[in-house]
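Peer 1: coords please:
(chains A, B, C and D)
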4 protein chains.
Amino acid sequence: MDLGLSPEAETVRDRVRAMVRKDIMPLDDEFEQEVGRDGDRFSFTERQASIRESLKDKARDAGLWNLWRSKALGGHGLTTVEYAYMAEEMGWSRLAPEIFNCSAPDTGNMDVLHRFGSESQKARWLDPLMAGTIRSAYLMTEPDVASSDATNISMSCVRDGDAYVLNGEKWWASGAGDPRCAIYIVMVLTDPDGERHRRHSQILVPADTPGVEILRPMNVFGHDDAPHGHMHLRFTDVRVPAENLLQAEGDGFRIAQGRLGPGRIHHCMRAIGQAERALEMMCRRALSRTAFGRPLSELGANGDIIAECRMQIEQARLLCLKAAWMMDNASAKDAAPWVSQIKVIAPRVATAVLDEAMQMHGGMGISQDTPLASMWITARTLRFADGPDAVHRRQIARTELKPYRHR
Amino acid sequence: MDLGLSPEAETVRDRVRAMVRKDIMPLDDEFEQEVGRDGDRFSFTERQASIRESLKDKARDAGLWNLWRSKALGGHGLTTVEYAYMAEEMGWSRLAPEIFNCSAPDTGNMDVLHRFGSESQKARWLDPLMAGTIRSAYLMTEPDVASSDATNISMSCVRDGDAYVLNGEKWWASGAGDPRCAIYIVMVLTDPDGERHRRHSQILVPADTPGVEILRPMNVFGHDDAPHGHMHLRFTDVRVPAENLLQAEGDGFRIAQGRLGPGRIHHCMRAIGQAERALEMMCRRALSRTAFGRPLSELGANGDIIAECRMQIEQARLLCLKAAWMMDNASAKDAAPWVSQIKVIAPRVATAVLDEAMQMHGGMGISQDTPLASMWITARTLRFADGPDAVHRRQIARTELKPYRHR
Amino acid sequence: MDLGLSPEAETVRDRVRAMVRKDIMPLDDEFEQEVGRDGDRFSFTERQASIRESLKDKARDAGLWNLWRSKALGGHGLTTVEYAYMAEEMGWSRLAPEIFNCSAPDTGNMDVLHRFGSESQKARWLDPLMAGTIRSAYLMTEPDVASSDATNISMSCVRDGDAYVLNGEKWWASGAGDPRCAIYIVMVLTDPDGERHRRHSQILVPADTPGVEILRPMNVFGHDDAPHGHMHLRFTDVRVPAENLLQAEGDGFRIAQGRLGPGRIHHCMRAIGQAERALEMMCRRALSRTAFGRPLSELGANGDIIAECRMQIEQARLLCLKAAWMMDNASAKDAAPWVSQIKVIAPRVATAVLDEAMQMHGGMGISQDTPLASMWITARTLRFADGPDAVHRRQIARTELKPYRHR
Amino acid sequence: MDLGLSPEAETVRDRVRAMVRKDIMPLDDEFEQEVGRDGDRFSFTERQASIRESLKDKARDAGLWNLWRSKALGGHGLTTVEYAYMAEEMGWSRLAPEIFNCSAPDTGNMDVLHRFGSESQKARWLDPLMAGTIRSAYLMTEPDVASSDATNISMSCVRDGDAYVLNGEKWWASGAGDPRCAIYIVMVLTDPDGERHRRHSQILVPADTPGVEILRPMNVFGHDDAPHGHMHLRFTDVRVPAENLLQAEGDGFRIAQGRLGPGRIHHCMRAIGQAERALEMMCRRALSRTAFGRPLSELGANGDIIAECRMQIEQARLLCLKAAWMMDNASAKDAAPWVSQIKVIAPRVATAVLDEAMQMHGGMGISQDTPLASMWITARTLRFADGPDAVHRRQIARTELKPYRHR
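Peer 2: Model (predicted):
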């Protein structure tokens, strides 16, 4: 059970790390502050585009492009375990994942197209996604049903000649605010009376299809995360060619299940990266700030807090790596409960470490003078994204109890 | 040890509750959404002013005005225990405290003026504050020092003829963004070489004094809390008449200590109110939302979560009431460790309950569709305001260990 | 809502405290070490009897006898709130409760006889119990069913002429090991087909009735708690006169519900007393022990641990007092969820504080050189006695959700 | 970073597992109940000796003997990582570790003799220890000083001709109660005025040396752990030949540091084994016990509790394996903070899982009808053994802060 890096992968990791810390992180704040400067929050300023594209060029030139496409996903190069280390490095910067063409939800969407797309679907959508010229969104969650129980998904999709007609609402469509977002993968209900896990399908809907309406961005803790955005959309008689269907009718569940595993690991490892960054900030603060005549590091429980953070991070990272290893070495089904475990643990640890880091910084820790509050919001949001904790715990418990049933 | 309400106070509580829930809460969202509509976030729109002043008139007419001025603070009417119940009710709404002229930091500032102000100081500043025609700020924390150890406060204040000249920076001056904020109470260093607890003084600085410069609003979790604001200010040769000093030189500490107790209790009881509101929302959600064929209330740990929230809230409320009772019945010194206790516990409980409430709501819980995320930020911020948890725990431990020393 | 002591009750509390600390605690260890010295663990040595009876005489003479019989239980003297303070004091010593004739399960049993016993039942059993000449046990829990759901109780009780015949097993009958234990109150199934809450009855069974067999003591963490004992008993055709029934057939539930409230409060307040004792020991240790050149009190998180313990204890005590106040001032039904709350909280806080106290003492903390480990076991056991935490949380959640149903 | 088993090691693990579960565990209870049957708790009955020796023969014959002697400890065969898996299996049974000659403190003592013993020391003590014919104890902790700061160790050891003379007390000498315990390795103070880390030495003291006096067994939660025992000893003019010194005077610290790492990993992995066993019991109970009409597994938070236990165990195990891997692949110094981490985490997780398992079993969970309470005590005791949590956290924090000092 090798949870480490090959020597080659270690070199890649070091290069990713160097680029994130030296080239990308110094531009994170400026990129963020440009949002809305032109009067439209859901567009990019010229300066933003310039920062982003020149960094992407640099990553592409350095061969640090599409690293997410691991062996387990049919690519060559890194294992999922190895890519997990890269994701951790990218987690230090808000901007970094896209620079390496490794950002959510695109990696998951590209993976779906790779595995389930037809040749023409791939030519039209996958190629520009792999090239980083367009972006995508994944439309699953709906406002009126408990979407964590995916059998509730209710967006109507009715065959009409050689087309499908979609009606309904979706929300929390992350990335759908980006002006470059060209294609949606949409989970729809094609056979309401079918067998429970064969009722749904997935279909490709170009973002500019008539009838698609962006109602509003969903806020997280009061922020619209523009221009990325988590959009609330309404589909009114949205008509797409029948060949836009991914695989066959009824395959929606099967495709969804395959999609989520790797993406969750990436999310979680980025969260570990954020936790590491927070711990470093906490340590620097503890040594440099003085109160009651001593550095914070020697006051009260601060040493213990630092130790607890270190232990939590190490455990969470190892668990993520184990889940990644299962992804590489076991069936998707056997890997699933491991993915559920990290989906609960990694955001929990990241929020906890970030919370302590904020507290160690005093009021500054929640202000614009550190990135901690923003990072905390991202980590907290992850406790909902791709399934709330309760649903994952439920899944873990079922797996655990299974061997003891009927004995 | 009566921790309840007299029959009269119960009537007042019921009237406050009714006004908060029926008159004020329905306008909270609109009031909030008006912020910045005129292009300036740190002003009020006409609509805001109209909402606010008509509600204030209503409260004034109903005799629900300045309720904070309890017997312990030299007023008549409610005890601190009784006022704590009122503060809890006001905590349900962001707007409510000001409507009853009971908002921070004004209550604390009015109390300081009542107890330590000269007659002319009272006439000029206390009377309009009590009337609700101006507002105030309390300038203590500084960016460059660990202000939780108040002996670090370093803003220079030098006597020059019949004036004092102030130089330095302050931040987290809550309320200093409000265009009506007319007066600052400022903690300054008057005698750097004096005895440790006699080095500081408090002085009144009108907001429009030349040399006062608002540098920026401090953000909390990315929000500027406009138009209230937590401002970062710079004082450059700010000159105020010597009679603006509160009490004598060196009295800064003594005044600060007297100021913080009641204000902390009010903050904490408002936090309890927020927790109660969150628990009600959680219960309603648990009963109305269905997943996996059952209401959330019957799924997994949800019942236990609700029970734990109830138990946490009850304990925290009782502890606040006990601290209030100490404020009414013991010396400020004996009450202090009780106030420290609630200052740690109440925001902890409120953040915990709000966090669970958000989680029970799924993605909606952190979005603009509920007030939970905003309430969480307020409660989390309280873990810094008026001293971070660590400083209060330190104080509690010292009190606890004291009787066993030298035995 | 007076949660304090009247001046008279304060005097009583001071006298109880003095007697516990000066007269009883110094004999606790010796009393304990006598167990089994005569070769029989479930008897008392002469020395034990002498210690116990002379202390009881002292308490009786001082008028500190049967203090548990509060106004709410039909007595005169103390309120439940006031008695709660006495129970806390008694909690400091293992031996103390019996010295004041205030020990479990006798107080609960006496209360049942007071309220539900016939005159002849009272004369025969209540009088000697009130006099402290015999002891009693309450037989409810059964080994084969989840007794926390009391409708599962299955001990058979069949009318046969003017007698009842009992068959079945009971366990965790605390106090049934005591050689002076003369009478059992037994929860039995009289009408298996009756309405769910009318199937059970309570009946008096003298301990020496033929067919009663003590199978073994149940151990807690390896200890038999001799000579008190938590016994496992088997009833084989145990025949008692029909007039031994308490109230009428089917009243078992009603009687059980009335019994448990006050007893749980007493248990919980004794647990608070243990927590206070542990905190005092922790503080003394923290000041007297040195490591790495400083007293433990100044090392690492120790101050924070002490502060957290103090805050937990205060909150738990206030919650117990509130529950006691409900017992005095509200219906049993309205008081019930409050009792459930403290039943979860008090043992949790006591185990947590005791655990920290053990840790602060190093290895000594779990050894025979301090009473901490033994106290911890008692507190941990309380998380099962009178209903496990989960059942109480369930009850609290139901109460909480109730107002929002059908709206 | 291979944290798994080689195919050969996997076979060994499977054989250890089979032997533990099929041959040893069924005899655990009987072995335990024999203690003291002959009237002496610190001896073995004939039946005990027979059980033990026949199982040891079986292990020896199967080549499952001294498996602890990993490559990192100069042996051949397993890596520390691989042995960790074996230790986990042995943790399921109280008796198992000795059966494989892998029990504490003997493995650590054998390791010390291997690495630091002279040829004649090895011949006399190591050979019979490796053969399992004698046992040993490690005497470090002292009653009067905070031994977690090992510079406090104060047992006097004075050179007198060709002998050393020892005076002082030691306690918590685990295994010193065993009648077969023939040799003590003793940490002593040889140069009180020397450089802080060169003051101490380690010396071999045969258990039957005149002047050695066993004062009493230390109890843990009221148990003497006979016949193993954690003994309190007094040395009065105990005279041993000078050649009994391990290495040179002043080497005490160096030897102690090398000793503790692997032993702590073994302890921790055995604790993980106990946690796994508890989780299995919890699951079986959750499925088989019914209350309120449903199996416990479907009631309240029980599923979530099971999921949380699973996640905690996986993380703790991975952390132990990582620490073992560091032991195999890095310097003792670099491995040390990893060992400190698991020393905090593994007992914490084991006690938490065992506590939940007890609770899920109702009263039975703390009784003699399950091994849970006894296992809990073992795990809780581990939070003191080889250094209390606080000392390890302190060490972890120092390591964490180090890179940021002086920058």
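
Peer 1: by contact count, what packs against the helix or strand where A:Ser54 lies?
Peer 2: According to DSSP states H and E, A:Ser54 maps onto helix A:46-61. Judged by 3 or more Cβ pairs under 8 Å, 6 or more residues apart in numbering or on different chains; DSSP states H and E, helix A:46-61 is in contact with helix A:25-33, helix A:96-99. In this view, the C-beta of every residue, glycine as well, is placed from N, C-alpha and C.

Peer 1: following the chain past that helix, name the next helix or strand.
Peer 2: helix A:80-90.

Peer 1: tell me how far the helix holding A:Ser54 is from the chain's mean position?
Peer 2: 21 Å (Cα atoms, centre = their mean, to the nearest Å).

Peer 1: just stretch A:39-50 next, same as before
Peer 2: Worked out by Cα atoms, centre = their mean, stretch A:39-50 lies 22 Å from the chain centre.

Peer 1: residues in contact with it?
Peer 2: A:30-31, A:34-35, A:37-38, A:52, A:177-179, A:217, A:224, A:226-227, A:229 (Cβ atoms under 8 Å, 6 or more residues apart in numbering or on different chains).

Peer 1: show me what counts as buried in it.
Peer 2: A:42-45, A:48 (16 or more other Cβ atoms under 10 Å in any protein chain shown).

Peer 1: I'd like to know which of those is nearest to B:Cys320.
Peer 2: A:Phe42 (44.4 Å; Cβ to Cβ).

Peer 1: residue numbers of the stretch 251-400 of chain A in contact with chain C?
Peer 2: A:300-301, A:303-304 (Cβ under 8 Å from any Cβ of the partner chain).

Peer 1: I'd like those residues laid out as a markdown table, including secondary structure and pLDDT.
Peer 2: A markdown table is the format used below for these (DSSP: H, G, I helix; E, B strand; the rest coil; pLDDT from 0 to 100):
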| residue | secondary structure | pLDDT |
| --- | --- | --- |
| A:Gly300 | coil | 93 |
| A:Ala301 | coil | 95 |
| A:Gly303 | helix | 97 |
| A:Asp304 | helix | 97 |
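
Peer 1: turn those residues into CSV, including neighbour count and distance to chain D.
Peer 2: Shown next, in CSV, are these (neighbours: other Cβ atoms under 10 Å in any protein chain shown; distance: Cβ to the nearest Cβ, whole Å):
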residue, neighbour count, distance to chain D
A:Gly300, 24, 12
A:Ala301, 23, 9
A:Gly303, 25, 4
A:Asp304, 21, 5
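
Peer 1: contacts with chain B among these, please.
Peer 2: A:300-301.

Peer 1: as JSON lines, the residues of the stretch 251-400 of chain A next to chain C with distance to C:Arg196 would be great.
Peer 2: Conversion of these to JSON lines gives the following (distance: Cβ to Cβ, whole Å):
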{"residue": "A:Gly300", "distance to C:Arg196": "55"}
{"residue": "A:Ala301", "distance to C:Arg196": "51"}
{"residue": "A:Gly303", "distance to C:Arg196": "57"}
{"residue": "A:Asp304", "distance to C:Arg196": "51"}
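
Peer 1: going by distance to chain B, which of the residues of the stretch 251-400 of chain A next to chain C wins?
Peer 2: Closest approach to chain B among these (Cβ to the nearest Cβ): A:Gly300, at 5.4 Å.

Peer 1: B:Pro388 is in contact with the closest one, correct?
Peer 2: No: counting by Cβ atoms under 8 Å, A:Gly300 sits too far from B:Pro388 to count as a contact (10.6 Å).

Peer 1: touching both of those two, which residues are there?
Peer 2: What both A:Gly300 and B:Pro388 touch, as defined by Cβ under 8 Å, 6+ apart, is an empty set.

Peer 1: quick check, the residue in chain A closest to chain C?
Peer 2: Counting by Cβ to the nearest Cβ, chain A gets nearest chain C through A:Ala301, at 3.7 Å.

Peer 1: wait, doesn't that residue sit right on C:Ile306?
Peer 2: No: between A:Ala301 and C:Ile306 there is no contact under Cβ under 8 Å: 11.1 Å.

Peer 1: widest-spaced pair of the contacts of stretch A:39-50?
Peer 2: A:Glu30 and A:Pro217 (22.2 Å).

Peer 1: more crowded one of those two?
Peer 2: A:Pro217 (24 against 12; other Cβ atoms under 10 Å in any protein chain shown).

Peer 1: what's the closest non-adjacent residue to the more buried one?
Peer 2: A:Asp224 (4.1 Å; Cβ to Cβ, 6 or more residues apart in numbering or on different chains).
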